[in-house]
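> Predicted coordinates and the sequence they were generated for:
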Amino acid sequence: MGKKISVVIPFKADYDELPRVLEHLLSPSDTKHDNLEIIVVNDGSQNHFGKFVPLELSYPNVRVVNNPKSFGVGYSFDRGVSEASNDTIILMGCDVYAKEGWYEKVRNEVSRNPNSIGCAVCVGDKPPYRKYYGADMLITMGNDDLPPKSKLRERRGGFTDLFRGKWAEKKGDEPYEISCLMGAFYWTSKAWYQKIGGFDTEVNNRFAGHRVWSHLEPHLSLKSYLHGGNCVLYPDIEATHLFNRVTRENKYTKGSRSAEWFHWNSQWILETMVINDFTRNRIRDFKTRELNWNVAEKMIKEHYDTVLRYRNRNRLEFRIELKDYMDKFNLKI
């Protein structure tokens with residue numbers, strides 16, 4: 001593995017924090033400019049009401065890749081990785097600050113374990129600065145998994161979302177396996193990302209994978225495990241996620257179809273990756289799914305040739321069964 005790292009940061013309309021994130025990444029106290037390549041993927045944003053400036057002019061290590069229109073965050077990550085010049089890659093959100101000291105640790109860990117995906121501790125940006133240590137993935141969540149006053153109980157009868165990650169507590173001081181990445185700051189080797197197919201996006205653009213920031217981490221986590229790799233949390237690497245700094249109107253999910261795409265993301269995983277028929281049918285028969293699932297299933301049918309192709313490919317390529325993965329982490333079925 002080389003010494004340099006490529007960082008991939010997609011953004012759509014949520015540009016406000018990006019300049020400060022870049023300044024933090026390029027801070028001389030943590031890394032040398034020559035060791036980082038930062039690829040910012042602009043997913044079709046047009047000047048962002050006069051605030052958008054050419055980032056390359058202010059940040060020489062930054063290269064901006066412009067999508068001609070919005071293809072989605074999954075496609076943006078895949079394109080950014082394909083443009084990366086280095087063996088080690090970091091995937092991160094445009095509103096995340098990594099705590100100093102991550103660079104050498106990330107580079108060394110990817111060199112030692114290239115067929116895994118590493119994850120940082122996610123730290124809240126406001127007191128009491130709560131820390132989240134990856135996630136436990138619950139394939140289905142019932143009432144017992146939700147807080148007594150959760151709105152999700154009222155809205156969905158106890159059923160939330162397929163593959164939603166549930167924030168986990170710390171389990172030790174040394175790196176350890178987790179069932180699901182979480183926190184929008186994770187790393188792997190470029191070879192492993194491409195081996196597992198990234199987010200399975202296509203450019204033509206009949207299909208482009210995850211359109212909005214939803215279920216990205218569960219998708220990548222499942223793919224790593226089912227291909228015979230793993231996901232590892234590093235308790236000594238922390239990243240602050242600015243959960244509340246970006247206004248609701250400027251979230252990556254901006255757009256009239258964001259709710260439908262949110263459910264599409266789950267349905268795409270279900271149709272192409274959950275190749276255990278019992279699990280697929282059990283989830284399909286859940287009576288409390290929201291109406292948007294009907295839209296998601298319609299969208300799946302529109303892209304059925306692509307869905308079928310990926311499903312058949314996954315059946316051939318996955319090295320372990322979904323049941324083995326779920327048993328390993330005591331997940332529900």
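Here it is on my side, so go on. Numbering: from 1, shown residues only.

> check which helix or strand covers Ile9.
strand 5-11 (DSSP states H and E).

> Compute the inter-axis angle for the very next helix or strand once past that strand and strand 5-11.
Note on strand 5-11: by DSSP H and E, the next helix or strand toward the C-terminus is helix 18-25. Between the axes of helix 18-25 and strand 5-11, defined by axes from the mean of the first three to the mean of the last three Cα atoms, to 10 degrees, the angle is 160 degrees.

> Which other helices and strands does the next helix or strand after helix 18-25 contact?
Under the assignment DSSP H and E, the closest C-terminal helix or strand after helix 18-25 is strand 36-42. Strand 36-42 sits against strand 5-11, helix 18-25, strand 62-66, helix 73-83, with contacts defined as 3 or more Cβ pairs under 8 Å, 6 or more residues apart in numbering; DSSP states H and E. Where you see a C-beta, it was placed from the backbone N, CA and C, and this is true even at glycine.

> Export only the CA atoms of the shortest one, formatted as CSV.
This file holds the C-alpha atoms of strand 62-66, laid out as CSV (Å, rounded to 0.1, in the frame of the first residue of the first chain):
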residue,chain,number,x,y,z
VAL,A,62,-8.7,19.3,-3.9
ARG,A,63,-10.1,18.0,-7.2
VAL,A,64,-13.7,18.7,-8.0
VAL,A,65,-15.6,16.2,-10.1
ASN,A,66,-18.9,17.5,-11.4
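
> what about Leu316, how many neighbours?
6 (other Cβ atoms under 10 Å).

> So it belongs to a helix, correct?
Yes: under DSSP: H, G, I helix; E, B strand; the rest coil, Leu316 falls within a helix.

> how about the strands of this structure, start to end?
5-11, 36-42, 62-66, 88-92, 96-98, 116-124, 131-132, 135-138, 164-167, 176-177, 185-189, 230-241 (DSSP state E).

> Tell me which strands the last one pairs with, and in which orientation.
So the one you mean is strand 230-241. Take DSSP bridges as the rule and strand 230-241 pairs in its sheet with strand 96-98 (antiparallel), strand 116-124 (parallel), strand 176-177 (antiparallel).

> on that earlier part again, could you single out the most deeply buried of the helices and strands packed on strand 36-42?
Most buried of those by mean neighbour count (mean count of other Cβ atoms under 10 Å) is strand 5-11; its value is a mean of 25.

> Tell me which other helices or strands that one touches.
helix 18-25, strand 36-42, helix 73-83, strand 88-92, helix 102-112.

> ok, back up a step: with distance to Arg130 and mean pLDDT added, can I get the helices and strands packed on strand 36-42 in CSV?
CSV is the format used below for these (distance: least, Cβ to Cβ, whole Å; pLDDT from 0 to 100):
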stretch, distance to Arg130, mean pLDDT
strand 5-11, 24, 93
helix 18-25, 21, 83
strand 62-66, 31, 88
helix 73-83, 25, 93
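
> Of all those, which one comes closest to Arg309?
Relative to Arg309, the nearest member of those by Cβ to Cβ is helix 73-83, separated by 16.4 Å.

> got a list of contacts for the closest one?
6, 8-10, 12, 39, 41, 43, 63, 65, 67, 89, 91, 190, 193-194, 198-201, 203, 205, 208-213, 216, 252 (Cβ atoms under 8 Å, 6 or more residues apart in numbering).

> Would you mind listing which of the residues you listed are buried?
6, 8-10, 12, 39, 41, 43, 63, 65, 67, 89, 91, 190, 193, 198-201, 208-213, 216, 252 (16 or more other Cβ atoms under 10 Å).

> Which of the strands paired with strand 230-241 sits closest to His24?
Short answer: strand 96-98, nearest of these by Cβ to Cβ, at 5.1 Å.

> ok so, going back, partners of the strand holding Ile9 in the sheet?
Sheet pairing for strand 5-11, using DSSP bridges, gives strand 36-42 (parallel), strand 88-92 (parallel).

> wait, which of those is closest to Lys105?
Across the strands paired with strand 5-11, closest to Lys105 is strand 88-92 (Cβ to Cβ), at 11.3 Å.

> pLDDT on that closest one, on average?
In this model, strand 88-92 has an average pLDDT of 96.

> List every C-alpha atom in it, with coordinates, as PDB.
Extracted C-alpha coordinates of strand 88-92, given in PDB (Å, rounded to 0.1, in the frame of the first residue of the first chain):
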ATOM      1  CA  THR A  88      -6.300   3.800   0.600                       C
ATOM      2  CA  ILE A  89      -9.600   5.600   0.400                       C
ATOM      3  CA  ILE A  90     -11.800   7.400   2.900                       C
ATOM      4  CA  LEU A  91     -15.500   7.900   2.400                       C
ATOM      5  CA  MET A  92     -17.000  10.700   4.300                       C
END
